[in-house]
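K.L.:
structure, please.
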Amino acid sequence: MTTITTTDGTEIFYKDWGPRDAQPIVFHHGWPLSADDWDNQMLFFLGEGYRVIAHDRRGHGRSTQTSDGNDMDTYAADVAELVAFLDLKDAIHIGHSTGGGEVTRYVARHGQGRVAKAVLVDAIPPVMVKKDSNPGGTPIEAFDGLRKALAANRSQFYIDLPSGPFYGFNRPGAKVIQGAIDNWWRQGMMGGAKGQYECIKVFSETDFTEDLKAIEVPVLVIHSEDDQIVPYADSAPLAVKLLRNGTLKTYQDLPHGLCTTHPDIVNPDILAFLRGDVAANVEQRSDQPAMA
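P.N.:
Predicted coordinates for the structure are as follows:
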């Protein structure tokens, strides 16, 4: 396996495919998954001439099941060490869900001089949890429920979540993809229960407001209005308003796990942005039919 060892002794697993002189794309996975969640996108963008890289976050996948450091600052610092080790420049960072938060923190705090663009896909910024400064957020009780389910029976929980709201398979007429459910379970069970448990607090309570304000590179914010995991109204439209150079691409009926269920829609839209075919600071809507 290809790994790096961070300054605190954590081994971070990563994949690195393609020509070393090609523009790199770094993919950041969601909770509680791994680099494998990006297989479709990595093959697609490799075919478009990019160098593609994806890592397993600490506590997830094949990386160390850490007891400490399960927080967004450390996640972003781990990415910075990987990027420095690979000496990536002019890189594009793409993150889904929790990975979108990781991209936001990394680019804002570590990415100066190394990042060309970023893409946030159904991502958690600005902040998920409901509080006085975020009255439209998700109540803390919802995240307490996730913690309770994980602690009680992680294996069953990791079947129930992808079988329902994560991929939208609970919607009327949805085409259930059993392989996606099985692969979600496989990835989740590869990681450590402690790190994944603590990551629930990370993705629900971390506030990225100042990070978004600090980012200068172009950012594409992709989100679906039917996202049942990260509610649309409290995420993408607010995030894009905080960005200096942001583009909002809205879908109507796609699920949270849209990169798996609808790569034929998402991949070309991201590619268009990377090639400069999407204007910045312009809200763009793309209403697509629900899964048949």
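K.L.:
gap between Tyr75 and Arg244?
P.N.:
23 Å (Cβ to Cβ, to the nearest Å). (C-beta placed from N, C-alpha, C; glycine too.)
K.L.:
these two: which is more packed in?
P.N.:
Tyr75 (25 against 14; other Cβ atoms under 10 Å).
K.L.:
quick one: low-confidence ranges for the stretch 151-292 of the chain?
P.N.:
Filtered on pLDDT under 70, the stretch 151-292 of the chain yields the residue ranges 278-292.
K.L.:
burial of the nearest residue to Ile140 once chain neighbours are set aside, as a residue count?
P.N.:
Excluding the flanking residues, the one nearest Ile140 by Cβ to Cβ, 6 or more residues apart in numbering is Val129, at 5.7 Å. Look at Val129: counted by other Cβ under 10 Å, it has 19 neighbours.
K.L.:
I'd guessed Val129 sits against Ser204; true?
P.N.:
Yes. Under the criterion of Cβ atoms under 8 Å, Val129 makes contact with Ser204 at 4.9 Å.
K.L.:
give me the common contacts of these two.
P.N.:
Common neighbours of Val129 and Ser204 are listed as Thr138, Ile140, Phe143 (criterion: Cβ atoms under 8 Å, 6 or more residues apart in numbering).
K.L.:
from Ala151, how far off is the second one?
P.N.:
Taking Cβ to Cβ as the criterion, Ile140 is separated from Ala151 by 16 Å.
K.L.:
so for those two, which residue has more residues nearby?
P.N.:
Higher neighbour count among Ile140 and Ala151: Ile140, with 15 against 11, using other Cβ under 10 Å.
K.L.:
for the more buried one, what are its contacts?
P.N.:
Contacts of Ile140 (Cβ under 8 Å, 6+ apart): Val129, Lys130, Ser204.
K.L.:
ok, longest helix in this structure?
P.N.:
In the chain, assigned by DSSP state H, the helix with the most residues is helix 140-163.
K.L.:
in a helix, Arg105, correct?
P.N.:
Yes. Assessed by DSSP: H, G, I helix; E, B strand; the rest coil, Arg105 belongs to a helix.
K.L.:
where does the nearest residue to it once chain neighbours are set aside land in three-state SS?
P.N.:
Counting by Cβ to Cβ, 6+ apart, Arg105 lies nearest to Ala76, which is 4.1 Å off, once chain neighbours are set aside. Secondary structure, three-state DSSP: Ala76 is helix.
K.L.:
element containing the residue nearest to Tyr75 when sequence neighbours are not counted, please.
P.N.:
Distances taken as Cβ to Cβ, 6+ apart place Glu102 nearest to Tyr75, at 5.0 Å, with adjacent residues excluded. In this structure, Glu102 sits in helix 98-110 according to DSSP states H and E.
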